[in-house]
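1. build the 3D model from these lines:
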Amino acid sequence: MNHIFFKFHLFVKNVLDFLGSFIILILISPILALISLSIFIEDKGMPFFLQKRIGKNQKIFKIIKFRTMILNAESMGSGVFTNEKDNRITKVGKILRKYSLDELPQLFNILKGEMSFIGPRPPVVYFPYNINEYPIEYEERFDIKPGITGLAQISGRTNLKWEERFTYDIHYKNNYSLVLDMKIILKTLAKVFASERVYPTDEFIKENHNLKK
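-> As a prediction, the model looks like this:
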């Protein structure tokens, strides 16, 4: 019975994801256009940033975000890590990051069925582990769709150790409910409006920077 109840909740979740992303994209389309134009005007580059991420069942997909850094930033400086003083971040990018507006294009990933509003954040294919090298105890985090936000993001965001993030991801997967989703959405909105820290601390960067890609 619990399995049937869980499947029903996932079905409702998928329907809400599709309808929600479709409606929101229509409503905020002028904002998306304005942000895209602002990014292009600043450095004449592509406004969107596409990156390979690991999704449900460890399937690779391309996440869509607004570009907040100069072109080819990943191959410069501290790579996937950044901080408030990172000179790779553009002026427009600083504003987008502060209010998490750079995440808005992921609504297209939700519409395509690659992501959900709530779920584990999808890691890049080479960090913190290569895609085929995840410890077996963490593999079940990939049993559900990744999300724009999740339990780990409202519990410590960028400064949780990877093991802690994965523990939260697995806890979410094993205790999933629509009520839990609503709590995560409300807490996420509160953190966004409060402009909570979106950058990892220097200590976190130093601890993780030398991990094998």
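2. residue 120 belongs to a helix?
-> No - Residue 120: not assigned to a helix; according to DSSP: H, G, I helix; E, B strand; the rest coil it is coil.
3. show me the contacts for it.
-> Neighbouring residues of residue 120 by Cβ atoms under 8 Å, 6 or more residues apart in numbering: 141, 142, 144, 146, 147, 150, 152, 165, 166, 169, 172, 173. Where you see a C-beta, it was placed from the backbone N, CA and C, and this is true even at glycine.
4. what is the burial count for the closest residue to it other than its chain neighbours?
-> Once flanking residues are discounted, residue 120 sits nearest to residue 169: 3.7 Å by Cβ to Cβ, 6 or more residues apart in numbering. Close neighbours of residue 169, defined as other Cβ atoms under 10 Å, add up to 24.
5. swap in residue 161?
-> Neighbours of residue 161 using other Cβ under 10 Å come to 13.
6. from residue 128, how far out is it?
-> Distance, residue 161 to residue 128, by Cβ to Cβ, to the nearest Å: 10 Å.
7. thinking again about what came up before, wait, the residue nearest to residue 120 touches residue 147, no?
-> No - here residue 169 does not reach residue 147: they are 9.6 Å apart, not a contact under Cβ atoms under 8 Å.
8. so which helix or strand takes in the nearest residue to residue 115 once chain neighbours are set aside?
-> Of all residues not flanking residue 115 in the chain, residue 109 sits nearest, at 4.1 Å (Cβ to Cβ, 6+ apart). Using DSSP states H and E, residue 109 maps to helix 106-111.
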